[in-house]
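A.B. asks: Compute the structure for the input listed below.
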Amino acid sequence: MLYVACEGESTEPDYLRYLNEQFGDGDDGRRPFRIQPVYRKNGMTPAKVVEAVREAAAEDEAWALFDRDSHHEIPQAVKAAAEYGIEFAFSHPSFDLWLLLHFQTLTGAQSGSSKIVVEKLRQATDAFKDYDKRGDKSVKGARRDALKGREGRAVANARSLVASCAAGRCRPDHARTEPVERDAEPRSSQEWAARSGHAQECPILRRDPSTDVWRLLVALGIHEDES
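C.D. replies: Numbering: from 1, shown residues only. Predicted structure coming up:
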């Protein structure tokens with residue numbers, strides 16, 4: 001059992017339920033798992049995401065998913081995650097990038113805007129052609145079917161974004177996914193954020209575009225670690 005708190009109230013919880021249904025039984029040599037999504041109506045800020053999963057998970061494995069968007073408290077959220085041993089998956093500009101990477105990669109800074117990401121996602125497959133129209137950002141039915149079997153491609157594309165980071169010293173093979181005890185000594189924000197494979201001196205807000213969701217899939221055994 002692991003707890004994963006989400007900034008959004010629709011897309012991320014839907015995706016986590018998909019992971020449970022598709023991979024949670026532990027077939028094909030994978031260990032079984034159960035994700036308990038933690039979310040709130042109308043969403044949460046990054047700092048609230050970390051706080052919510054800390055309260056829900058107690059000493060169990062905990063992850064926080066949050067986006068760049070236009071938030072100003074991301075450094076505070078990272079600091080809290082480091083202090084309490086909460087893994088996080090940061091997406092710049094948004095979680096929508098992770099969905100897009102199942103179909104193609106993306107280059108060029110997005111500066112916190114998901115407009116181009118969403119446009120490309122709509123064009124990538126008919127299942128997502130109405131994504132984020134009339135507020136529909138769900139990941140159900142045909143949209144889930146479109147993602148199936150593309151996890152390896154999404155992981156590879158996400159790792160390639162780490163390798164091409166403008167900071168110059170970021171390497172996906174430096175990423176860490178092994179469990180860390182929640183009551184271990186607190187780490188610095190830079191050290192904890194570097195578990196994504198980005199260099200410690202690479203400011204998190206400059207990791208544009210990027211998404212760390214691939215680390216969650218590796219940690220769950222859905223995709224093998226390539227480091």
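A.B. asks: Chain neighbours aside, what residue packs nearest to H71?
C.D. replies: Leaving aside its sequence neighbours, H71 sits nearest to P46 (CB to CB, 6 or more residues apart in numbering; 5.5 Å). For the C-beta atoms, the positions are set from N, CA and C on the backbone; glycine is no exception.
A.B. asks: Let me see the backbone angles for that neighbour.
C.D. replies: Backbone torsions of P46, given as degrees, to the nearest 10, read phi -50, psi -40.
A.B. asks: List the contacts of it.
C.D. replies: 7, 64, 66-67, 71, 73-74, 76-77 (CB atoms under 8 Å, 6 or more residues apart in numbering).
A.B. asks: Please report how far it lies from H92.
C.D. replies: Distance, P46 to H92, by CB to CB, to the nearest Å: 12 Å.
A.B. asks: what residues do these two have in common as contacts?
C.D. replies: Common contacts of P46 and H92 (CB under 8 Å, 6+ apart): D67.
A.B. asks: Show me where this protein dips below the pLDDT cut-off.
C.D. replies: Applying pLDDT under 70 to the chain flags the ranges 225-227.
A.B. asks: just the helices in this protein please.
C.D. replies: Secondary structure of the chain by DSSP state H: the helices cover 11-23, 46-57, 74-84, 96-100, 115-124, 142-147, 151-163, 189-193, 213-219.
A.B. asks: Which among these is found nearest to A199?
C.D. replies: Closest approach to A199 among the helices of the chain (CB to CB): helix 189-193, 9.0 Å.
A.B. asks: That closest one: how far from the chain's middle?
C.D. replies: Remark: helix 189-193 is offset 16 Å from the chain centroid, using CA atoms, centre = their mean, to the nearest Å.
A.B. asks: Could you do stretch 213-227 as well?
C.D. replies: Chain-centre distance of stretch 213-227: 11 Å, with CA atoms, centre = their mean.
A.B. asks: Need the contact partners of it.
C.D. replies: Counting by CB under 8 Å, 6+ apart, 4, 19, 23, 30-31, 33, 63, 65, 87, 89, 91, 95, 98, 151-152, 154-155, 158-159, 172-175, 177, 179, 195-196 sit against stretch 213-227.
A.B. asks: now swap in stretch 75-83 and tell me
C.D. replies: By CB under 8 Å, 6+ apart, the list of residues contacting stretch 75-83 reads 45-47, 49-51, 54, 64, 66, 86-88, 90, 186-189, 191-193, 204-205.
A.B. asks: go on, stretch 12-19?
C.D. replies: 4, 6, 35, 37, 39, 65, 95, 99, 138-140, 144, 147, 217, 220, 222.
A.B. asks: Among those, which lie within strands?
C.D. replies: Here DSSP state E is the test, and these give 4, 6, 35, 37, 65 as lying in strands.
A.B. asks: Chain neighbours aside, what residue packs nearest to the first one?
C.D. replies: Nearest in space to V4, with sequence neighbours left out and distances taken as CB to CB, 6+ apart, is W63 at 4.4 Å.
A.B. asks: how close does that neighbour sit to S164?
C.D. replies: The gap separating W63 from S164 is 25 Å, by CB to CB.
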